[in-house]
Structure formats: C-alpha cells, structure tokens
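S.K.: Predicted model and sequence below, questions to follow.
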Amino acid sequence: MDNDKATTRGEGSILVRKGTGKLIVDQIAERLGQSPDFICQQLEINAEFGVYCIYISSIVTTNQVDEMLLRPIVEDYQLAEASLKNPIDWLIKIIPRAQQKKLSGFAEGINDLLEGHCLLIPTSGEIYLSYDVSKGEYRNIAEPDTEASIRGPREGFVEAITWNSALIRKRLKDEHLVFESLVIGSKTRTRVYLTYLNNVASVQVVDEFRRRLLSIQTDSILESAYIEEWIQDTTLSPFPQLISTERPDSIVAKLLEGQIAVMTDGTPMVLVGPITFFQLFSSPEDYYQRADIATLSRWLRMFAFLLSIFTPALYIAVVSYHQELLPTNLLISLAAQREEVPFPAFIEAFIMTVTFEILREAGLRMPRIAGQSISIVGALVLGQAAVEAGLVSAAMVIVVSLTAISNFVSPNYSFGIAQRIIQFSFMLLSGLMGLFGLMCGVFFLLIHLVSIRSFGVKYFTPFAPVVLADWKDTMVRVPRNMMKRLPRESLAKRKRR
Amino acid sequence: MKKCCIIFILLLLCTGCWDLKEINQLAIVNVVGTDKDPETGTYTGYYQVVNPTGISNRQGGASQASVYTFHFKEYSFGRFTVRTSTAMPRLLFTAHMQCYIISERYARDGVLDLINFLELNPERRTNLLFLVSDSPLSTVMHTFTPLERSPGRFVRSLLDLHVRSAQTQVAPIRLKDLIEGLPLNQPTVIPIVHYNGQQPASNTKEVEEIDAIKNGLSFTDGAVFIHGRMAGRIEMKMKQVFAILRNDLKAFAETMKVNGAYVDVGASNARIKREWDRSASRLTLKIYADLRITNNQQKSRMTVHNLHDVEKAFNRRLTQRAESLIQLGLKKDWDFLGIQDERHDIDSWRQVKITFQVSSKVTTTGNTSTPYN
Amino acid sequence: MENAKLSGWQMFTLTFIFTVGTTFILLPGKLIADAKQYGWLVTIWAFLYGVILAAFWLYLAKHYPGRSLVQIAVQVLGKWAGGLVAFLYILYFIQIASWVTRNASDFMHINLMPRTPLSIFNIMVLLVCAYAVVKGIESIAMASELLTPYIFIAYWIPMTVMLTEWDWRNFDIPYHFQLWTTIANTNYTLAFPYMETVSFMMLFPFVQRRLKTAFILGIITTGIALTISVFFIIGILGVNRSSHLIYPIYIIFREMQFTGFVEHLEAIISVNILFIVFLKLSMLFYCAVLAICQLFELKNRAVVAYPLIWVISAYSLFFANIIENVEWVDKYLFIYYTLYAIVIPVVLIALTWLKLQRKKPLYKEGPAA
C-alpha cells in the first residue's frame, strides 16, 4: 500500500483550512478514528481547496481507490483550477463511476463508509461524494451441500446478497421481479431484500411481509433464522412456517407460483413463504424428474414422515401395553428377544434414541476425518454389542434405526427437527398411556397443525380446507402440461401461469 | 395459569403406566384345556404356556421345552386367574390363544357356562378354534407336537390347511360359531381331537422320534353340538357330507367305482341351492360341482361317454352319502339341514321330504388321456 | 364471537362425525336386543325423524341469520328469561359432553386398559379437546375434514371383508314385529344421535354457504351408515349374539381374520372411536364454551375452557357403570332431550311468529300513512 505513506493518520490529521467539509471529516473521524483501518487522505489541490478521501481500508479495494478516484484528481490538477467554484461537478466529471451518490451530513457518510464506500469530501461545501469500492471477496458460488440434487443446477446462494439477487435475476428475466431493499438490525444494519413478482404475488401477503419485516425491533440479524423467528405466525410450534433454501432454482420456482422470498445479506439461506405443510414434502428435484417417479418419491417421503414419528411410539405401545395386537408369531419372537433385556421397552427406546441423537450431533460437529471412527463405534458398539450383551433387543435397534433413517428423508432440515420433537413426545405419551396416549398426541398434533397459519395461508391447505385444484401438486406431481394453473394456496393474483 | 397447567399435566403423566406390562412378564397362553367333572362340578383348567426362547430356534432352544402346561382345579372360572398366580411366575395372558380343547364329558354336559365366561371377558377372544378331545385331556395337553413346536400352532396350521383346501374363508369350528349356533336347531359340528398312543409325548425327546403318527394328535370324528351341548358324534365321512351340505366345504375328494374300477375325483367349486315347494313339504337341494380326475384305474380309453359315466357315478355317490346323513339325522333327531331355523311355519321338520339333485361336470382330467395297460 | 368461516363440506363432515359419534358403538347392541332383526328399520325412521328435526331447526335459524341458539334465545325471550334458557342449554351441552367422555372412557377402560382409572381417560381426552376448543371451531372443522375420509375407509373396508361370515338365516328369527311397540321401546334411537344435533344451532352462524344441504346431508349420511352397520351386524353376528354384547362392532373387528396373518384389528376400531370421540367432544365442548362466552360476553375462550374440564370430567363420573348408563338412556333420554330439542325451539318459533304477526300490520300501516 503505497498510499499509506502519504496518508495522515486519522487521529493526527488536523487540517488547517476551514470549511464545512472539514467539519464533516472531523465528525466522522471522531467516531471511526479509533480503528487502524480508518484512512483519511488529504489531497491538496491549491491553497484554498482540497479533497479529503476517506475510507476503511480493510473493506475496500485499495486498487480501485488509487486508480479510479485518486489518480484522476491528481492528474486533472490543472483543470481543477478552473472548476473550483463547483468542486462537486468537477469531481463527477473527472471520476466517471457508475456507483456514486451525493451525500450531505456525516451520519449517512458513516453508514456508507461502513459498507465499504469511499468518501470524497471537498473542503468547501456541504455536499460530498460517495463511491462504492467495497471489496467483493466472498465464497465462490458452489453446489449447496445440504440440498444436493442429482439432476438440476449446481449453483447455490452465497453470503453476498448482491450475488444472490444476480442468481435470481439470471433465471427470471421479468420486468415484474421486484427486490425491495430493507435494512434491519440497529447494529448489524443487515440488508434484506423482499423479493416477489409483483404481477403474481398477492398484494395482501406482500404487505403483510413488509409490515412484519418493518416491525422487527432488534439489534442484529446474522442469519435468516433471526428473521424467520421474528416474522413467523406461531412461535410455539416445532413446524417451520417458512421454507429456507439455498437453491436459486427453487426460489425462482416458488416466486413464479406467487410466493415471496426474503433474502438476507450474509447468509446463503433465503426464506420463502407462505407455505403449506405439504410443501415440506416436495423437493426442487421433484420438478426435474419424471412426474411418475416424482409422485412416488413424494409418497415415500410422506410415508417416511409417518414412520419417523410413529414407529418408536407404536412399538412401545404395542410391546408394553397392547400385546394382543401383534401377530402371535411376532409376539413370541419379540418375547424371546426381550427375555433378558433388563429395561422396560420405553426406557430401552429412550436410551437408544437419545444415543442416536448424540451420535448425530457428534457427527455434525466433529471433523470429517473422525467420521469413520464414530460410525464404527455407533454401528458396532451400540448396535451389535448392545444386542449381544442383552442390554437392548434386536427389534429395538431395528426400530430406532428405521426411525432415524426415515427422519433423514425429509427434504427440509427444520422439518426433520420438528419430526424428532414429535417423535419424542409421542414416545413419552405411548410409554405412559399406550395407544390411548398416542392417539391423544395425534389428535393434539392434528389440531395444532390445522391451526397454524403461514402468512394467512392455512397450513394444511389443499386437504383442510379442501382445495381440489391444488391436489395436482401435493399428493401427486402431475406432468407440467397439466399444471397450467397456479396453485391457489399461495393466494396468487393470477390463475394461469 | 399456563405454567400451572403444564406442571399439572406433567404430574398427571407421571402417574401413568397402570396397564404397563412388558412382553417378558407375560405367560403367553397357547392352548387352554378345560375339563369339568359332571358329578362334583369342579373344573380342571390346563394352560399351555409358550416358552419363547424354546420356540424361537435362534438361541438354540432345541433342548428346551417349547411349552409348559400348568393345571389347576377350581369350582368356578373366575378363580382360575387367582390360582394361576400361585404357580406361574408371569402374568396370565390369554389374548393369543390358538384353541380351546374341552373334554368329551364336559362337552356332553353342556358348555354354556364356559361360553358365558369367555364372552364376558374382554381379554379373551371367541374366534379361536374349539375342539373336543376324546382322549383324556391330561394326555392331550401334555403332548408335544412334531414340525410345529407349539401344539397350539400345530392345531391351527393343520386346520388352516384344511380350510384352504376346502376353498372357503373360514371353517365354522370356532367358539364363536358355537355361540352363534346357540339359538339354532341346526347342529354345529366340532372336530374331535384324538391322541394316538398310550403315553403322552410329554418330553421333548418324544418328538425326536421319526414316527410322527405314533404319539401324535389326529382329527377324525366330529362332535355334534346342539344348543351348546354335545349330543353325539359322527364319523369323519358324515362330517364331510354335513360340511358339503352346509356349503362350508367347497372342495373335497370322492372315490367311486366306475365300470368296476376305482376312480378318484376331486370336486371343487361346489354350490348348493335350496328349493322349497309351495307347501313347504318338500325340499330339493341342488348341488353343482366341478370335477377333476385324480386317479383313474379304468382300462378303457377316456371318452366323453366314459366321462359321463364318471359324472353319473359321482352324482349317485354323493346323493347316496347325503341321504345317509339325513337318515342318521332322522334317527338321532338332529336337524342337519337347519329346516326348523329356516321355515318356522313347519310343524314338524321330520315330515319334510328331502331330495337331492347332484349335477357335476368333469372340467379337468390329468396328463394322460388313456391309462397304460 | 369467533371470526370463523366454515365451508359446506366442513359442516357436512362435522355433522356426520357428530351424529355418528359414540352412537355406532353403543347403539347397535341395545337396538338389536330391542328390535331384533328389524333393528335396521328402526334406524331408518330414526334418521327420517332426524331430518325433520334438522329442517325445523334450520327454519328457526333462518329467522335469525348470523345468530346462534343462545343469542336467539336472548333476543326472543329477553335478557332474563332468555338468559335462563341459554343457561339451560349450556348445562345441556356440558351434560352431553360428559356422557360422551364417559362413553369413551368406559370403552377404553373395558376393552383396552382395564387397570387405568376412568378419570385419567376423562382428563386426558378433555385436555386435548380443550386445546382444540381454544384453537377454535375452524381447527376442529379442519381436523374433522381430514379425519372423516380416514374414519370412513378404516371402518368400511374391514366391515366389508367381514361379510364372508354373513348368514341370511340371522334375519329369519321368529319374532313378532309390532310397529308401535317397537317405536316406543326404541325411542332412545330417535334421541341419541339426532336430538343432540340441536347443538349445531350454535354453529349455524359460522357457515356462509350451503348450510342446509350440508347439515341435512350429514344427517342422512349418518342415517344410512348406521342402518347399513346395524344390518351388517345382524347379518354377521346374528341377533342372538349381538343383543348380548355391549359393543358388537368391536367384537366384529376383534374376530376379524383374513389370510392368517392379518388379525386382531380391534386397534383400528379403537383408534376410529377415539378420533370420533375427540371430534364430537370438541364440538360439544366448543358449543358449551361458546354459549358461555356469548351469554356472559367473554372474549377469551381459554379462560372458560380449561376450568370446564373439571366440571365435565367430574360430571362424567355420575354413572357408576355402563349398565346404569344404558338403563338411563333407555328410560329417560327421549323425554329429557325433547325439552331441549323440541319444546324450547317450538316456544322460540311461536314467539317469533307472534312478533312477526305484530310487526306485519305496523309495517302495512307504514306506507298507508
């Protein structure tokens, strides 16, 4: 950094000349001057006139500052003499940059500085210029890890909101695509885009989104989950009321159906809403596969959902309360397996599932290289050895692993978490009251599910209340040419695609 | 308020588990045998309890007994539950019973008391097989069975196989059929189980013997139950005809002589039609069946004419057998056809004249058209 | 009042579930004992009677659009008399709710979990239903919309499979059929599902469209379903056996058996019964809570619903056992229900007519003057 030598350090720079520009610079320096990357350069053009160039070196591209801002000023020295009357016009003229804006006062200037802008403040006059020279050093666009797909685009969102909006724009070249920019969080000042197609998305829902986003009173937004928690309808529920995804293609598909996306700067996860319960079973890949296989795999996911919440609970209920419901041969073989197991079935199931949860959590946190050893410990020690030692029955191991595997089928991670919570509470209920307790739990869950709203859309929409037209993309996925109508559940303005 | 509620619910849940019973705390009863001494009126209950590790061969339980039989003497059914706890280390669990076996003397005394006890009790099922034993009950209940490790399953599988080959859904030999037959005059025929041998095969070693018939159970005759009381017994052949006439048996085998040689046919798809004449004095039973030749010892070539002979012989044979059943019924005063249940306007069912019209058709022959000479 | 909207289909499923309620497990045994093989005929005229009653209530409701039974009573009879009538109805709803609770817990107690105390079943069921009540009638309606197809399929498929045990002779029992005696003996059939339906007058205002069709069709569907059920029970179990049983349908499911492996299907029927009871109870509970809220102009349903659990669960222990319950139903139910289902609505209608009569001349004089 050559410029550093010519730079007067923020705290030491007491500029001789008087002017409004000087005042602004002083105020900015007072607030930001503490940090070592705050840079305030003074370019003296003549005795009366100079330009302050202020930026935060760690978040700007210094090259750009040198080449595009400082060089023209220095080179155009002669001409400057003539234009002293109107320094702003002169600056605009000699620095041909697209992203510039005029500012006045110091507060705005500070905001811009913190976002990686460079301020050119003439010593005279209240107006100064701000140039966006922020560093664009982000992770490269890569395939999303959590939502991999066999067929379909490999691009995933990144942490930069500008790149993300580019990814959407690239796919959706429509004049009606709107990005509404909001800044949320008094400290983090996170940029949030409210994205929708203004000729498809319902005005009420967009207004509701905007109202809820604007009413967020917080100091920080570090991830879209923060926003999700602020704007969801029901807080006391394990179920996600907004889908978060890092796949631009799935966001575009949802925008086209009239849903609304909330993009957050600094995270690749984009929120979409309003959703229904059955959308949690659909994966973007459903639309890239043939319709028949997509339908079947959707059924498989629903079945896996039922399995994952009911298997352990039903097993407990049947094994420790309602043995008469088992086929005789199965009962005898279970009885033989359980002959030496010291725990009641409920405790046994609880131990196994908790162990599995610990394994899963360990698998998430530890380095990849250690993964191998964990899986050996899990499979051998907890599976085989526990059965052979007679601590748990083989049937219980099967039940727990079936539950665990079915849980992973869920295409939406937060939905998978919801399943685990339900699974545990069902286990508890059936452990205490058998089938009766389980049924109480099921009815409770059902009432809870139908009472959830996602931005005014009823959670169970195509089934309760019945919207026959929307069944084409819930229980089944009909071929594209039969899906000419937009789903009604997203309350879209238009009926046809 | 809300917190109190939640705490309360949790407390409520903590008191749960009243009905909790682990599988390995259960004595899974497989077969129940009941005997009643008609003189003293005391019951003897036999509970054949499954030993799970003995049955599942995974843990090498070959040397262990697959079932154990407990028996108790009591004067009332309700007391058995109490008594079992004196000798059984596990909870009596009767929901998985395969069959009831009762002694012949008890059956002849009437089983209404047993039926009432079982129907009242929500834990017991009434759709299980019901058998009468003409051998001493203690022998039957103390016997191991070949191929199927538990006697209950042995009986069940054997009879299920019968049902399958009879082309029907269920055989009406369950306790519930007896219950449903209580108000009827038509008898219910229940199989009689017989033990072939002197000593009960009460040790697993006995099952190791290769002769499976010698010390085993067999089902031959039928016990005739009217109004919940065993009225007498009929032979296997009669039992079969009775089932055919009730249309419970849709497939059966028949042997007859055609042109002086034996021919075996398998009848299948048997259908019965009952036709009354106006005055209800004559009942015609029309029986249709498809025949399949399973054994043909005739020397002659198989022709259409010859097949007609076979059909005629079959028709004659079946009519003959049906008539002999009716004769037996008249002699013993058993209304095998359920005439009284069907026509309440008839004064005496014995006056009704019954004729049979059997028509059959050979639909399947075998691989050979002419036997070798 | 809750700002809810119910669709016609939702109203239909609600009516269906409500009327089917605990009827289909409790009624057949008793009915067949009283009417023998003509039991299914009894259900036919019972549902015709139900349809007539429904039409009558709809007629009353037509005069007061957007008003529930309690509000109608208060409007017609004034604050005090109307308040008293409304209070009677609240008691009535609570009473039916507690009977339903009791029926369910009796069923569970007898058949599935004999050692668990009755009050535990009561409180658990009521807690779940109270949650539903707090969530509102829309949630209850949506739950019933979701569950009805399941209940329907899970009930009829096994029933149809059991037809293999059908025996026509079961209809051929010597029994002298006398129409009037039978009607008199089985009057509880008129009362048990159909006169309870007066509770729906609380829900009428929520239905915007196709109220009449949905409501009447719901009753007709129940009637047909019940008739076929009773018919099947007679055919499958026989008159003699089913009249001795308390829960004949449960026994049918218990004895079901096909292909050797699939047996013991009583769990299905138990689950069905539980779901139906949950829904019916939620509706009754909701009616009671709504009536209290409307009468005393309360806003928060939770404040009413949770304390009411104790009242209902305590009241449901009123009968010592199921035999007492059945006998009470047999003797007094019809007369008792007549007060709520017929007498009070007739009074309301009569007063409405009187008011209209009085109004009419005034109205006619208006333009003349």
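M.R.: Done, it's in.

S.K.: Which pLDDT value goes with whatever residue of the stretch 201-350 of chain A ends up closest to chain C?
M.R.: Scanning the stretch 201-350 of chain A for the residue nearest chain C gives residue A:325, at 4.9 Å (criterion: Cβ to the nearest Cβ). The way it works is simple: take the backbone N, C-alpha and C, and place the C-beta from them, glycine included. Confidence at residue A:325, expressed as pLDDT, is 84.

S.K.: residue contacts, it?
M.R.: Residue A:325 sits next to A:318, C:264, C:266-267 when contact means Cβ atoms under 8 Å, 6 or more residues apart in numbering or on different chains.

S.K.: What count of nearby residues applies to the residue of chain C found nearest chain A?
M.R.: Of all residues in chain C, the one sitting closest to chain A is residue C:142 (3.6 Å; Cβ to the nearest Cβ). Residues lying near residue C:142 (other Cβ atoms under 10 Å in any protein chain shown) number 29.

S.K.: Make sure it is indeed in a strand.
M.R.: No - remark: residue C:142 does not belong to a strand; assigned using DSSP: H, G, I helix; E, B strand; the rest coil, it is helix.

S.K.: ok, it touching residue A:465?
M.R.: Yes - at 6.4 Å, residue C:142 counts as touching residue A:465 under the criterion of Cβ atoms under 8 Å.

S.K.: So for these two, which residues contact both of them?
M.R.: The contact lists of residue C:142 and residue A:465 share A:458, C:10, where a contact means Cβ under 8 Å, 6+ apart.

S.K.: Wait, a helix at residue A:108?
M.R.: Yes - the assignment for residue A:108 (three-state DSSP) places it in a helix.

S.K.: domain assignment for chain A?
M.R.: The record's domain split for chain A, according to automatic domain parsing, is A:3-132, A:161-275, A:287-457.

S.K.: Off-centre distance for the shortest one?
M.R.: Taking Cα atoms, centre = their mean, to the nearest Å, one finds domain A:161-275 lying 9 Å from the centre of the chain it belongs to.

S.K.: mean confidence score for it?
M.R.: pLDDT averaged over domain A:161-275 gives 91.

S.K.: Would you work out how far apart the start and end of that domain are?
M.R.: Using Cα to Cα, to the nearest Å, one end of domain A:161-275 lies 23 Å from the other.

S.K.: does residue B:147 count as helix, strand or coil?
M.R.: coil.

S.K.: Just list what the lengthiest helix in chain C packs against, helices and strands only.
M.R.: Across chain C, the longest stretch assigned as helix under DSSP state H is helix C:69-107. Packed against helix C:69-107 by the contact rule (3 or more Cβ pairs under 8 Å, 6 or more residues apart in numbering or on different chains; DSSP states H and E) you find helix C:23-35, helix C:118-135, helix C:266-295, helix C:301-315, helix C:322-338, helix C:344-368.

S.K.: Which parts of the stretch 251-373 of chain B are helices?
M.R.: B:304-332, B:339-342 (DSSP state H, counting those that start in this stretch).

S.K.: could the ones you listed go into CSV alongside mean neighbour count?
M.R.: As requested, these are arranged in CSV below (neighbours: other Cβ atoms under 10 Å in any protein chain shown):
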stretch, mean neighbour count
helix B:304-332, 16
helix B:339-342, 20
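
S.K.: for chain B, what are the low-confidence residue spans?
M.R.: For chain B, the stretches with pLDDT under 70 are B:1-3, B:5, B:9-16, B:57-63, B:169, B:206.

S.K.: Helix, strand or coil: sort out the closest residue to chain C within the stretch 51-200 of chain B for me.
M.R.: Closest approach between the stretch 51-200 of chain B and chain C, counting by Cβ to the nearest Cβ: residue B:127, at 3.8 Å. Look at residue B:127: counting by three-state DSSP, its state is coil.

S.K.: what number of residues lie near the residue nearest to it when sequence neighbours are not counted?
M.R.: Once flanking residues are discounted, residue B:127 sits nearest to residue C:255: 3.8 Å by Cβ to Cβ, 6 or more residues apart in numbering or on different chains. By other Cβ under 10 Å, 23 other residues sit near residue C:255.

S.K.: what does residue A:479 give?
M.R.: The number of residues packed near residue A:479 is 12, by other Cβ under 10 Å.

S.K.: need the contact list for it.
M.R.: residue A:291.

S.K.: Swap in 10 Å and give it another go.
M.R.: By Cβ atoms under 10 Å, 6 or more residues apart in numbering or on different chains, residue A:479 lies in contact with A:290-292, A:294-295, A:472.

S.K.: biggest separation within those residues, which pair?
M.R.: Using Cβ to Cβ, these span at most 15.5 Å, a distance reached by A:290 and A:472.

S.K.: Can you list the buried residues in stretch A:188-196?
M.R.: Buried residues in stretch A:188-196, counting neighbours by 16 or more other Cβ atoms under 10 Å in any protein chain shown, are found at A:188, A:190-196.

S.K.: whoops, I mixed them up, stretch A:291-309
M.R.: For stretch A:291-309, by 16+ other Cβ under 10 Å, it's A:291, A:294-295, A:297-298, A:301-302, A:304-305, A:307-309.

S.K.: can these go into JSON lines with extra columns for pLDDT, secondary structure and distance to residue C:178?
M.R.: Formatted as JSON lines, the buried residues of stretch A:291-309 follow (pLDDT from 0 to 100; DSSP: H, G, I helix; E, B strand; the rest coil; distance: Cβ to Cβ, whole Å):
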{"residue": "A:291", "pLDDT": "91", "secondary structure": "helix", "distance to residue C:178": "63"}
{"residue": "A:294", "pLDDT": "92", "secondary structure": "helix", "distance to residue C:178": "63"}
{"residue": "A:295", "pLDDT": "93", "secondary structure": "helix", "distance to residue C:178": "58"}
{"residue": "A:297", "pLDDT": "92", "secondary structure": "helix", "distance to residue C:178": "62"}
{"residue": "A:298", "pLDDT": "92", "secondary structure": "helix", "distance to residue C:178": "59"}
{"residue": "A:301", "pLDDT": "93", "secondary structure": "helix", "distance to residue C:178": "60"}
{"residue": "A:302", "pLDDT": "93", "secondary structure": "helix", "distance to residue C:178": "54"}
{"residue": "A:304", "pLDDT": "95", "secondary structure": "helix", "distance to residue C:178": "59"}
{"residue": "A:305", "pLDDT": "94", "secondary structure": "helix", "distance to residue C:178": "56"}
{"residue": "A:307", "pLDDT": "94", "secondary structure": "helix", "distance to residue C:178": "56"}
{"residue": "A:308", "pLDDT": "94", "secondary structure": "helix", "distance to residue C:178": "59"}
{"residue": "A:309", "pLDDT": "94", "secondary structure": "helix", "distance to residue C:178": "55"}
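
S.K.: where do the strands sit along the stretch 51-200 of chain B?
M.R.: For the stretch 51-200 of chain B, strands defined by DSSP state E, counting those that start in this stretch occupy the ranges B:67-74, B:91-93, B:99-103, B:129-133, B:188-196.

S.K.: quick one: which of the ones you listed is nearest residue A:239?
M.R.: Using Cβ to Cβ, these put strand B:91-93 closest to residue A:239, at 39.9 Å.

S.K.: Nearest to chain A, out of the strands of the stretch 51-200 of chain B?
M.R.: strand B:91-93 (6.7 Å).

S.K.: Now flag whichever of the buried residues of stretch A:291-309 is closest to residue C:130.
M.R.: residue A:309 (23.1 Å).

S.K.: my guess is the closest one meets residue A:416, correct?
M.R.: No - Residue A:309 is beyond contact range of residue A:416, at 11.1 Å (criterion: Cβ atoms under 10 Å).

S.K.: returning to what we had before: so who does the residue of the stretch 51-200 of chain B closest to chain C touch?
M.R.: B:170, B:174-177, C:165, C:251, C:254-257, C:263-264.

S.K.: and the gap between it and residue C:265?
M.R.: Residue B:127 sits at a distance of 11 Å from residue C:265 (criterion: Cβ to Cβ, to the nearest Å).
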